[in-house]
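[1] got a predicted structure here, sequence first:
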Amino acid sequence: MAQSTETTDWVSRFADEVVAESERRAAPDKPRVVVASGLSPSGPIHLGNLREVMTPHLVADEIRRRGHEVRHLISWDDYDRYRKVPAGVPGVDETWAEHIGKPLTSVPAPKGSPHANWAEHFKAAMTASLAEMGVEFDGISQTAQYTSGVYREQILHAMKHRRDIDAILDQYRTKKSPAKKSQKPVDEAELEAAEGSGAAAEDDGGSGSAGYFPYKPYCGNCEKDLTTVTAYDDDSTELTYACTACGFSETVRLSEFNRGKLVWKVDWPMRWAYEGVVFEPSGVDHSSPGSSFQVGGQIVGIFGGEQPIGPMYAFVGISGMAKMSSSKGGVPTPSDALRIMEPQLLRWLYARRRPNQSFKIAFDQEIQRLYDEWDRLDAKVADGSALPADVAAHSRAVRTAAGELPRTPRPLPYRTLASVADITAGHEDQALRILGELDPANPIAALDQARPRYDKAEAWINTHVPADQRTVVRAEPDAELLKSLDEPSRQSLRLLLDGLADHWSLDGLTHHVYGVPKVQAGFPADATPKELPPEIKTAQRTFFALLYHLLVGRDTGPRLPTLLLAVGQDRVRTLLGE
């Protein structure tokens, strides 16, 4: 058996376990390794849901690298009921409430959408994001599975063994998990975000006057699942139900009826057995008694299967946002993230943290620090100085078993590109001029050399930086401020201007700008911090603030070397009073 050389990261460890478990369970009629994810397109599929996909994807991809056949299933839970109208979704208003209770594929798509229904609208955005990220998967529509009768035998089997299922569920119905003093309050949004597969709020088919039934029909009149099974005959499979929403009632033969589904806590383990799933992660709420994953581990035996192995995964947050829930509008999705960052960076964020570790994805200024960290890692991998676990995470970010992901030919610093995009405000010729001057010895000849990273940085500036923080270069010198300057301030500007032409590159200006306060205080421009008194840092901050005021009228702004290049030598000299 081929073994991975990347043995120090969590992905390799899970891959070892999955391969061993697959060999133990091996069946002639199934692919040897099956991993699974479940996504409910009930609204925008957010970055927390992406962990439900990325965890098995990374494991599956490692197993593919070892030469094994792997099937990564994504079950689109598009036959789930429409539970609520998500807030903040464009093209959706309160009239969508009339569809609550219908299958997601029977709900109209938001106004203006090119897609056939609600589920397809939200599946499309996720599918496009996964393609950009290099995620290979086999998508299965649960609407197609149920309405075509694929699960008919499993449904009849569940109904035949409904008392056994009810007995398992009944073990948990009255149990309460012990309170944990250290546990923070968990609200409905967190529960919904955590339950990656299916609908967390769906009932388990609790017993009514006619007994327990693990199957719920959608009404033949109003299409809603607000139905109650009132009678069922095992021999004939005749089932009678009544709809509490519209009063409709009918008797059908379940062996021929395809308009309904197993309740979630039975549906999920049924699919484990049907598909032969070996590995599937689950949300953090599955640690509680009675959760879908724990109960499913017992129910799956009724269908002749075994519970998958797999970790519980922690929440994924957003900088400045406590948590995410697809039930609320404005929650960032993978497509939102991919507008402002390259797929390699997004893959890396999921690959470098174990599934049980929470982390945040930055949409604010923190994205610049993340990119700096990524570029440093890229350099360390290139020169062979990176740690093995970091090399593994980097490898999983930049390539899959199918090959390298497309990358920016000249990956200039993200913060530099963002500054250039900010200052030039969409003028590509100006952006190219500035980028070409960053490294005169090896200038960029075309903007495409900096793409797609440049486009991502420009999108971040345009969509996530408030208007009052955007950079607007002064049209005219601040004559009043220039006139009020004391002699030390005038001297610092003269020192800067005298060396401007000789240092006109990104590295040169960085050295020069930081060196002016050192020279002014009598030290060499290349003196290190250890060789300087603490007051030099204060002098540098004062000098930088003066330059920002004279150039952009604020205390802060883009990194000064980039700003100076963007403004251009002639205009800098004018604005600084030469």
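    Received it, and whenever you're ready, just let me know what you need.

[2] mind listing the strands for the stretch 201-350 of the chain?
    Counting by DSSP state E, counting those that start in this stretch, the stretch 201-350 of the chain has strands at residues 215-217, 227-232, 238-243, 249-253, 260-262, 282-283, 312-313, 316-318.

[3] pick the most buried one from those.
    Among the strands of the stretch 201-350 of the chain, strand 282-283 has the highest mean neighbour count (mean count of other CB atoms under 10 Å), at a mean of 26. All C-beta atoms are positioned from the backbone trio N, CA, C, and that covers glycine.

[4] quick one: that strand to chain centroid distance?
    Relative to the centre of its chain, strand 282-283 is centred 15 Å away, using CA atoms, centre = their mean, to the nearest Å.

[5] quick one: mean pLDDT for it?
    When pLDDT is averaged along strand 282-283, the result is 86.

[6] check stretch 509-529 too.
    With pLDDT averaged residue by residue, stretch 509-529 scores 93.

[7] repeat that for stretch 563-578.
    Stretch 563-578 shows an average pLDDT of 92 in the prediction.

[8] what's the answer for stretch 304-312, then?
    Per-residue scores along stretch 304-312 average to 94.

[9] now do the end-to-end distance for it.
    End-to-end distance for stretch 304-312: 24 Å, by CA to CA, to the nearest Å.

[10] next one: stretch 512-528
    14 Å.

[11] pLDDT weak spots in the stretch 1-150 of the chain?
    Along the stretch 1-150 of the chain, segments meeting pLDDT under 70 span 1-8, 28-31.

[12] at 50 what do you get?
    Applying pLDDT under 50 to the stretch 1-150 of the chain flags residues 1-7.

[13] and the strands of the stretch 201-350 of the chain as JSON lines, adding distance to D486?
    JSON lines is the format used below for those (distance: least, CB to CB, whole Å):
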{"stretch": "strand 215-217", "distance to D486": "80"}
{"stretch": "strand 227-232", "distance to D486": "82"}
{"stretch": "strand 238-243", "distance to D486": "83"}
{"stretch": "strand 249-253", "distance to D486": "90"}
{"stretch": "strand 260-262", "distance to D486": "78"}
{"stretch": "strand 282-283", "distance to D486": "62"}
{"stretch": "strand 312-313", "distance to D486": "59"}
{"stretch": "strand 316-318", "distance to D486": "45"}
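
[14] let me know which of those strands is the nearest to A446.
    Among the strands of the stretch 201-350 of the chain, strand 316-318 comes nearest to A446, with 34.1 Å by CB to CB.

[15] helices and strands around the closest one, which ones?
    Judged by 3 or more CB pairs under 8 Å, 6 or more residues apart in numbering; DSSP states H and E, the packing partners of strand 316-318 are strand 359-361.

[16] list the buried residues of the helix or strand just after the strand it packs on.
    Going down the chain from strand 359-361, the next helix or strand is helix 366-383, by DSSP states H and E. By 16 or more other CB atoms under 10 Å, the buried positions in helix 366-383 come out as I367, Q368, L370, Y371, W374, L377, D378, V381.

[17] tell me the contacts of the third one?
    Translated: L370. L345, L349, A362 (CB atoms under 8 Å, 6 or more residues apart in numbering).

[18] with the first one instead?
    Remark: with contacts taken as CB under 8 Å, 6+ apart, I367 is in contact with S319, I340, M341, Y414, W460.

[19] quick check, pLDDT for the most far-flung residue of the chain relative to its centre.
    What lies farthest from the middle of the chain is E487; by CA atoms, centre = their mean that is 53.2 Å. We have a pLDDT of 95 for E487.

[20] residue numbering should commence at 740 henceforth.
    Sure, I'll start numbering at 740, so the last one becomes E1226.

[21] quick one, strands of the stretch 1140-1289 of the chain?
    Using DSSP E, counting those that start in this stretch, strands in the stretch 1140-1289 of the chain cover 1142-1143.

[22] please, where are all the helices along it?
    Taking DSSP state H, counting those that start in this stretch to define them, one finds helices in the stretch 1140-1289 of the chain at 1153-1163, 1167-1177, 1192-1203, 1218-1223, 1226-1237, 1245-1259, 1274-1291.

[23] pick the most deeply packed of the ones you listed.
    Stretch with highest mean neighbour count among those: helix 1153-1163 (a mean of 24; mean count of other CB under 10 Å).

[24] could I get the average pLDDT for that helix?
    Rounded mean pLDDT across helix 1153-1163 is 93.

[25] got the angle between it and helix 1245-1259?
    Relative orientation of helix 1153-1163 and helix 1245-1259, computed by axes from the mean of the first three to the mean of the last three CA atoms, to 10 degrees: 90 degrees.

[26] quick check: which of the strands of the stretch 940-1089 of the chain is nearest to V1258?
    strand 1055-1057 (43.7 Å).

[27] quick one: distance of the closest one to the chain centre.
    8 Å.

[28] same thing with stretch 1287-1301?
    The answer for stretch 1287-1301 is 33 Å, by CA atoms, centre = their mean.

[29] distance of T979 relative to K955?
    13 Å (CB to CB, to the nearest Å).

[30] an error on my part: the question was meant for K1276.
    Counting by CB to CB, the gap from K1276 to K955 is 67 Å.

[31] ok, K1004 next?
    Counting by CB to CB, the gap from K1004 to K955 is 12 Å.

[32] may I have the distance across stretch 889-905, first residue to last?
    One end of stretch 889-905 to the other measures 24 Å (CA to CA).

[33] flag every buried residue along it.
    Buried residues in stretch 889-905, counted by 16+ other CB under 10 Å: Y890, R891, Q893, I894, H896, A897, M898, H900, R901, I904, D905.

[34] ok, now stretch 1133-1148?
    Buried residues in stretch 1133-1148 (16+ other CB under 10 Å): H1133, S1134, R1135, A1136, V1137, R1138, T1139, A1140, L1144, T1147.

[35] quick revisit: ok, so of the contacts of L1109, who is nearest P1182?
    For those, the nearest to P1182 is L1084 (25.5 Å; CB to CB).

[36] T1210 touches Y1287, doesn't it?
    No - counting by CB atoms under 8 Å, T1210 does not reach Y1287; the two are 9.6 Å apart.

[37] before we move on, back to that, reformat the buried residues of stretch 1133-1148 as TSV; add pLDDT.
    Shown next, in TSV, are those (pLDDT from 0 to 100):
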residue	pLDDT
H1133	97
S1134	97
R1135	98
A1136	98
V1137	98
R1138	97
T1139	97
A1140	96
L1144	97
T1147	97
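
[38] test my guess that S781 contacts K841.
    No - S781 lies out of contact with K841 (CB under 8 Å); the separation is 11.7 Å.

[39] anything in contact with each of the two?
    Y821.

[40] start and end of stretch 839-856, how far apart?
    14 Å.

[41] and D1103, how many neighbours?
    Applying other CB atoms under 10 Å, we find 14 other residues in the vicinity of D1103.

[42] so what's it closest to, chain neighbours aside?
    Distance criterion CB to CB, 6 or more residues apart in numbering; nearest residue to D1103, sequence neighbours excluded, is S1058 at 4.6 Å.

[43] go on, D973?
    K899 (5.9 Å).

[44] how far away is the one you found from E977?
    Distance from K899 to E977, by CB to CB: 14 Å.

[45] just W1199 next, same as before
    To E977, W1199 is 60 Å away according to CB to CB.

[46] ok, now K823?
    Separation of K823 from E977 (CB to CB): 34 Å.

[47] sketch out the low-pLDDT regions of the stretch 990-1139 of the chain for me.
    Using pLDDT under 50, the stretch 990-1139 of the chain drops low at 1060-1067.

[48] let's see 80
    1023-1029, 1059-1070 (pLDDT under 80).

[49] check whether S751 really touches A1131, as I assumed.
    Yes - under the criterion of CB under 8 Å, S751 makes contact with A1131 at 6.9 Å.

[50] to V831, which of the helices of the stretch 1140-1289 of the chain lies closest?
    helix 1192-1203 (21.1 Å).
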